[in-house]
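[1] Turn this into a model:
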Amino acid sequence: MRRRQLTPLLWEFAEQTAHPEPPPRTFVLAPFGGGSAYALGEWLPDLCAPGERALSLQYPGRGPRSTEPHATDLTALAGAAAEEIAETTQGPLVLVGHSLGAVLGYEIAHRLQDLARDVELLAVSAARPPDLQRLDPAAVLAMTRDDWIEELATGGNAGLGASPPADVADLVIPVLRADYLLLARYRPGPPRPLTCPLLALGGAADPWVERPYLDAWQSWTTGPFAAAVLPGDHFYYRGATAGFGGLIRARLRHRVTAGARTTGRDL
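    Here you go, the predicted model:
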């Protein structure tokens, strides 16, 4: 599927056929640490139904923004994203974020609700809630190249494998370090639950986000909440997007089949 830039931060997955104006809903995808706007395209066949719109965030410091400095303030990044989403979309919004992108999605959802936008669902994937983050800035800064290689192997990062080629690792590690620091330095404000529905998903073998962390997201919304665990590690959805997309679509107001494979089901 083609992609086109709406703003430096916001990219659209563009279909060959035009979507209705306004579309029935718009999905906004927030990538994991080290990821880019291209990273989550595999979700779309099982996530978006015909006529629905899909946008993805393009963080600075990678891809077409590789010459820009990395983001250093997660709440500022969320504020910029929310403003651009509000300006470029109409109708209900479904926010789906993985790992770093899940926490960012939570902050974006708050700002969109403050702007009186309809957040139909926030889906957080493979992420601890804002107050239970595992990263420490000093520890991140102290990590050696070997530590980063081990980190990549432990989480199954984006299909890079246990021993990524040296040139690939040298490209990925600075981006990962910046994104880890972005999350490590994040300090959520006073607890202020969302009002939208919230779905927490994760992998049964994720070494960093066990089931109790998914359940802990319940206190971060006053709206309907559900959690589910699927087989796999931190990137459990790879090769299993039908189940991932089906669980998300089952929580939407009007269930419409995405593609030919996903019908959605209740948790």
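
[2] ok so Tyr237 is a strand residue?
    No - Tyr237 is assigned coil when assessed by DSSP: H, G, I helix; E, B strand; the rest coil, not a strand.

[3] Return the residues in contact with it.
    Listed by C-beta atoms under 8 Å, 6 or more residues apart in numbering, the contact set of Tyr237 reads Glu42, Trp43, His98, Ser125, Leu230, Phe244. Heads up, the C-betas are built off the backbone N, CA and C, glycines and all.

[4] Mind pulling the model confidence for it?
    On pLDDT, Tyr237 comes in at 96.

[5] quick revisit: which of the contacts of Tyr237 ranks first by neighbour count?
    Ser125 (31 neighbours; other C-beta atoms under 10 Å).

[6] what's across from that residue in the sheet?
    Beta-bridge pairing of Ser125 under DSSP bridges involves His98, Leu201.

[7] Cys196 touches Thr221, doesn't it?
    Yes - with contacts counted by C-beta atoms under 8 Å, Cys196 reaches Thr221, the gap being 6.5 Å.

[8] Mind listing the shared neighbours of those two?
    Common neighbours of Cys196 and Thr221 (C-beta under 8 Å, 6+ apart) are Leu122.

[9] Buried residues, the lowest-mean-pLDDT helix or strand in the chain. List them.
    Least confident helix or strand of the chain, by mean pLDDT, DSSP states H and E, is helix 145-155 with a mean of 84. By 16 or more other C-beta atoms under 10 Å, the buried positions in helix 145-155 come out as Trp148, Ile149, Glu151, Leu152, Gly155.

[10] wait, which of the residues you listed is closest to Val94?
    Distance to Val94 across the buried residues of helix 145-155 (C-beta to C-beta) is lowest for Gly155, with 25.3 Å.

[11] re earlier: of the buried residues of helix 145-155, just say which sits nearest to Gly34.
    For the buried residues of helix 145-155, the closest approach to Gly34 (C-beta to C-beta) belongs to Leu152, at 8.7 Å.

[12] In this structure the closest one contacts Ala169, no?
    Yes - contact criterion C-beta under 8 Å: Leu152 and Ala169 qualify, at 7.3 Å.

[13] re earlier: could I get the contacts of Tyr237 as CSV with pLDDT?
    Shown next, in CSV, are these (pLDDT from 0 to 100):
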residue, pLDDT
Glu42, 94
Trp43, 96
His98, 98
Ser125, 98
Leu230, 97
Phe244, 97
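
[14] Redo those as TSV? Include distance to Thr89.
    Listed next are the contacts of Tyr237 as TSV, based on distance: C-beta to C-beta, whole Å:
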residue	distance to Thr89
Glu42	22
Trp43	18
His98	20
Ser125	21
Leu230	29
Phe244	23
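
[15] Among the residues you listed, which pair sits farthest apart?
    Glu42 and Leu230 (14.8 Å).

[16] Residue ranges in the protein under the pLDDT threshold?
    1, 15-20, 155-165, 255-267 (pLDDT under 70).

[17] In the chain, which helix is the longest?
    helix 166-184 (DSSP state H).

[18] Now it - C-alpha only, CSV.
    Output in CSV follows, covering the C-alpha atoms of helix 166-184 (Å, rounded to 0.1, in the frame of the first residue of the first chain):
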residue,chain,number,x,y,z
ALA,A,166,26.7,-5.1,12.1
ASP,A,167,25.7,-2.4,9.6
VAL,A,168,22.0,-2.9,10.5
ALA,A,169,22.7,-2.8,14.2
ASP,A,170,24.7,0.4,13.9
LEU,A,171,21.8,2.0,12.2
VAL,A,172,19.2,0.8,14.6
ILE,A,173,20.9,1.2,17.9
PRO,A,174,21.1,5.1,17.9
VAL,A,175,17.4,5.3,17.1
LEU,A,176,16.5,2.7,19.8
ARG,A,177,18.7,4.5,22.3
ALA,A,178,16.9,7.8,21.6
ASP,A,179,13.4,6.2,21.9
TYR,A,180,14.3,4.3,25.1
LEU,A,181,15.4,7.6,26.6
LEU,A,182,12.2,9.3,25.4
LEU,A,183,10.2,6.7,27.4
ALA,A,184,12.6,6.5,30.3
